[in-house]
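Asker: Next come a sequence and a model predicted from it.
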Amino acid sequence: MSMIAAFYGGKSILITGATGFMGKVLMEKLFRTSPDLKVIYILVRPKAGQTLQQRVFQILNSKLFEKVKEVCPNVHEKIRAIYADLNQNDFGISKEDMQELLSCTNIIFHCAATVRFDDTLRHAVQLNVTATQQLLLMASQMPKLEAFIHISTAFSNCNLKHIDEVIYPCPVEPKKIIDSLEWLDDAIIDEITPKLIGDRPNTYTYTKALGEMVVQQESGNMNIAIIRPSIVGATWQEPFPGWVDNLNGPSGLIIAAGKGFLRAIKATPMAVADLIPVDTVVNLTLAVGWYTAVHRPKSTLVYHCTSGNLNPCNWGKMGFQVLATFEKIPLERAFRRPYADFTTNNFTTQYRNAVSHRAPAIIYDFYLRLTGRKPRMTKVMNRLLRTVSMMEYFINRSWEWSTYNTEMLMSELSPEDQRVFNFDVRQLNWLEYIENYVLGVKKYLLKEDMAGIPEAKQHLKRLRNIHYLFNTALFLIAWRLLIARSQMARNVWFFIVSFCYKFLSYFRASSTLKV
Ligand SMILES: CCCCCCCCCCCCCCCCCCCC(=O)SCCNC(=O)CCNC(=O)[C@H](O)C(C)(C)COP(=O)(O)OP(=O)(O)OC[C@H]1O[C@@H](n2cnc3c(N)ncnc32)[C@H](O)[C@@H]1OP(=O)(O)O
Ligand SMILES: NC(=O)C1=CN([C@@H]2O[C@H](COP(=O)(O)OP(=O)(O)OC[C@H]3O[C@@H](n4cnc5c(N)ncnc54)[C@H](OP(=O)(O)O)[C@@H]3O)[C@@H](O)[C@H]2O)C=CC1
């Protein structure tokens, strides 16, 4: 019997960010392994015209939850969506709901965050710092609370090369930042943002670091732990391999490569691609929840959920396997044939962006205009290149994350728990994982039918022929222009033609002699 699964039985669990990528997988695993849990409270806001109930209905009726419905048929009754907007004071939670949360909650998993790299400092601080502070304040008023698990990121200290499982202080206190954002106007905030984030690449990593400081400062007597996942990718094993439902991290770029939009990237092939499957993160998170509540460590422990020091993969290997999978199982209606050129040189990057990305987009838009349609490819390409430029920081560096706490926890688990809540990335086969990831992107994210593969392959063949035809035409035009303008080119042309003629004549003569 799994001790961790048994621990969550009968518990009231509060999850923030339950509608997000990680939150959904966390809920799924909890319901599947501890169907006798009492209730999962989720803090949700209405979004995209959907009410809370509609959002929950959609999640529970998705493919991800198919297995849950078998083991926990009354899952609808065990999930309680509470209106909450983490941008508001007190999260806008009603008095009755707040009362229920305060009196019943046993465990909190705080997953909600803004993960956008380009968010304003004001919004990123509100969500990743102030909301964390407010949630901790709520937690401190919960008499039945056993553990508070905060999800951070391994990149919160990406300004360092070697990162230990400790909380590193930021130069300016989070409280000072929160206070000053209240009275500073947006223009001034934009001006001071680069100075505040310092040698971090964006507001996301900076505010996640501030969030950790807040957790440390407000921990009081609570049992708190911090989990730092690296780049979270599709599921490895559970509930099935390759599940993914958003474009964050590598997923968006995998699609861009498969559709032939992205054919070159500024990336260091030998740099460590510190990916971690989302089900691995969730297994560690649940194990940490159990350990923190039962063993009550004296201080706030930080757990690195990374792969690089135990089972490293690099971006070159990843790019190769992504392309190899698209060879076998291509995406539908690709713009160009998938191709990957990794370069570390700025000039080559600019050149490749102009020739491999912008020029084809302009030519395609010209074609759309000619055929009376609205041009759109240049806009798509500009957006993609902006996204890629924001990822460059992470794909051209390697970090070392120590994993003592994570390994210590692994050794504390029973063999059954090590199996049910497996977070040992040493067992991960990268080539198999990446192949499943790419397939998952096709099936679950793009919702493409596998029956369309022959047509997708046929389409790629047509693209190859167009490519050859286009290049030959381009070469002939360029050559014709050159011959018209340069005596030297004419001489070379004459030499090649006469050489070919002599060669053919020789062949004809020698074959006649043999007969
Ligand atoms: C040459 C071949 C290569 C072969 C493939 C090899 C793959 C290499 C992969 C390398 C990946 C490296 C990833 C490193 C990530 C480090 C992560 C650090 C870990 C964390 O803790 S945080 C979690 C990660 N967070 C993110 O990934 C968020 C990033 N997203 C953003 O910040 C914003 O969305 C972004 C990218 C700035 C775009 O903003 P904006 O222009 O305002 O656009 P929207 O968000 O409104 O979306 C518009 C449009 O773009 C689509 N979109 C969104 N995100 C992505 C994405 N990551 N990739 C591609 N496309 C994306 C979105 O769906 C919208 O489409 P529409 O059609 O609806 O307009
Ligand atoms: N994905 C990754 O690669 C990594 C993620 N992490 C961390 O993991 C955690 C989960 O990330 P992930 O699941 O990928 O992120 P998602 O962007 O998929 O999910 C974010 C969640 O936060 C919720 N949220 C955002 N703003 C609000 C708000 N104002 N009020 C209420 N809820 C809100 C979202 O709700 P809604 O659906 O309404 O928008 C969503 O449920 C985050 O803390 C992130 O920093 C760490 C490392 C890597």
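Answerer: That came through, no problem. Residues are numbered from 1 along each chain as shown. Ligands and ions are numbered 1, 2, ... in the order given.

Asker: Leaving out chain neighbours, which residue sits closest to residue 368?
Answerer: Of all residues not flanking residue 368 in the chain, residue 375 sits nearest, at 4.9 Å (CB to CB, 6 or more residues apart in numbering). C-betas here are computed from N, CA, C, even on glycine.

Asker: Verify the contact between that neighbour and residue 365 for me.
Answerer: Yes. Using CB atoms under 8 Å, residue 375 is in contact with residue 365, at 3.5 Å.

Asker: Now for residue 230: which residues touch it?
Answerer: Contacts here follow CB atoms under 8 Å, 6 or more residues apart in numbering; on that basis residue 230 touches 153-155, 274-276, 304-308, 401.

Asker: Check residue 114 too.
Answerer: Counting by CB under 8 Å, 6+ apart, residue 114 touches 123-124, 127-128, 204.

Asker: before we move on, back to that, would you write a ChimeraX line that selects the buried entries of the contacts of residue 230?
Answerer: Buried residues among these (16 or more other CB atoms under 10 Å), as a ChimeraX selection:
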select :153,154,155,274,275,276,304,305,306,307,308,401
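
Asker: Report the contact partners of the residue most central in space within the chain.
Answerer: Among the residues of the chain, the one closest to the centroid is residue 249, at 2.3 Å (CA atoms, centre = their mean). By CB under 8 Å, 6+ apart, the contact set of residue 249 is 231-233, 275.

Asker: Roughly how far does residue 392 sit from ligand 2?
Answerer: Distance, residue 392 to ligand 2, by CB to the nearest ligand atom, to the nearest Å: 16 Å.

Asker: Near that residue, how many other residues are there?
Answerer: A count of nearby residues for residue 392, using other CB atoms under 10 Å, gives 15.

Asker: if we can go back for a sec, of the contacts of residue 230, closest to ligand 2?
Answerer: Among the contacts of residue 230, residue 153 lies closest to ligand 2 (CB to the nearest ligand atom), at 3.7 Å.

Asker: Please name the nearest non-neighbouring residue to the closest one.
Answerer: Residue 153 sits nearest to residue 208 (CB to CB, 6+ apart), 5.0 Å away.

Asker: Please list all residues in contact with the one you found.
Answerer: 113, 128, 152-153, 155-156.

Asker: Dump those residues to CSV, plus pLDDT.
Answerer: Converted to CSV, these look like this (pLDDT from 0 to 100):
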residue, pLDDT
113, 98
128, 98
152, 98
153, 98
155, 98
156, 98
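
Asker: If we only consider those, which is nearest to ligand 1?
Answerer: Set against ligand 1, the nearest of the contacts of residue 208 by CB to the nearest ligand atom is residue 153 (3.4 Å).

Asker: Surely that closest one touches residue 229?
Answerer: Yes. Here residue 153 reaches residue 229: they are 6.5 Å apart, a contact under CB under 8 Å.

Asker: So which residues of the stretch 351-500 of the chain form strands?
Answerer: Applying DSSP state E, counting those that start in this stretch to the stretch 351-500 of the chain gives strands spanning 400-401.

Asker: Also the stretch 151-300 of the chain?
Answerer: Using DSSP E, counting those that start in this stretch, strands in the stretch 151-300 of the chain cover 162-163, 224-229, 231-233, 264-266, 275-277.

Asker: which helices and strands does the shortest one pack with?
Answerer: So that's strand 162-163. Strand 162-163 is packed against strand 400-401, with contacts defined by 3 or more CB pairs under 8 Å, 6 or more residues apart in numbering; DSSP states H and E.

Asker: and the strand it packs on, average pLDDT?
Answerer: The pLDDT scores in strand 400-401 average 98.

Asker: List the pairing partners of it within its sheet, with orientation.
Answerer: strand 162-163 (parallel) (DSSP bridges).

Asker: Provide a list of residues in contact with the residue nearest to residue 368.
Answerer: Applying CB under 8 Å, 6+ apart, we find residue 375 in contact with 365-366, 368-369.

Asker: Torsion angles phi and psi at it?
Answerer: Dihedral angles of residue 375 (phi, psi; degrees, to the nearest 10) stand at phi -70, psi 140.

Asker: Look at the residue in the stretch 1-150 of the chain positioned nearest to ligand 2 and report its pLDDT.
Answerer: Ligand 2 sits closest to residue 20 of the stretch 1-150 of the chain, with a gap of 2.1 Å, by CB to the nearest ligand atom. What the model reports for residue 20 is a pLDDT of 98.

Asker: Look at it and say how many residues are nearby.
Answerer: By the criterion of other CB under 10 Å, residue 20 has 19 neighbours.

Asker: for residue 329, same thing?
Answerer: The burial count for residue 329: 17, using other CB under 10 Å.

Asker: give the contact list for it.
Answerer: 438-439, 442, 450, 453.

Asker: so which residue of the stretch 151-300 of the chain comes closest to ligand 1?
Answerer: For the stretch 151-300 of the chain, CB to the nearest ligand atom, closest residue to ligand 1: residue 252, 2.0 Å.

Asker: I figured that residue hits residue 387, correct?
Answerer: Yes. Using CB under 8 Å, residue 252 is in contact with residue 387, at 6.5 Å.

Asker: So the residue nearest to residue 425 when sequence neighbours are not counted, which state does it fall into?
Answerer: Once flanking residues are discounted, residue 425 sits nearest to residue 307: 4.5 Å by CB to CB, 6+ apart. Counting by DSSP: H, G, I helix; E, B strand; the rest coil, the backbone at residue 307 sits in coil.

Asker: Need the phi and psi values for residue 307.
Answerer: Residue 307 adopts backbone torsions of phi -120, psi -20, taken as degrees, to the nearest 10.

Asker: OK, contacts around it?
Answerer: Per CB under 8 Å, 6+ apart, neighbours of residue 307: 230, 274-276, 313, 425, 428.

Asker: Return the member of those residues nearest to residue 215.
Answerer: Nearest to residue 215 among the contacts of residue 307 is residue 230, at 19.0 Å by CB to CB.

Asker: Got phi/psi on the closest one?
Answerer: phi -90, psi -120.

Asker: Please tell me how far it sits from residue 310.
Answerer: Going from residue 230 to residue 310 by CB to CB, to the nearest Å gives 12 Å.

Asker: do residue 60 as well
Answerer: For residue 60 relative to residue 310 (CB to CB), the value is 34 Å.

Asker: what does residue 383 give?
Answerer: Distance from residue 383 to residue 310, counting by CB to CB: 36 Å.

Asker: Surely residue 142 touches residue 102?
Answerer: Yes. Between residue 142 and residue 102 there is a contact at 5.4 Å, judged by CB under 8 Å.

Asker: who's more crowded, those two?
Answerer: residue 142 (20 against 16).

Asker: which SS state does that one fall under?
Answerer: coil.

Asker: From the contact counts, what lies against the helix or strand bottoming out on mean pLDDT in the chain?
Answerer: In the chain, the helix or strand scored least confidently by mean pLDDT, DSSP states H and E is helix 487-514, which has a mean of 82. Counting contacts by 3+ CB pairs under 8 Å, 6+ apart, helix 487-514 packs against helix 453-485.
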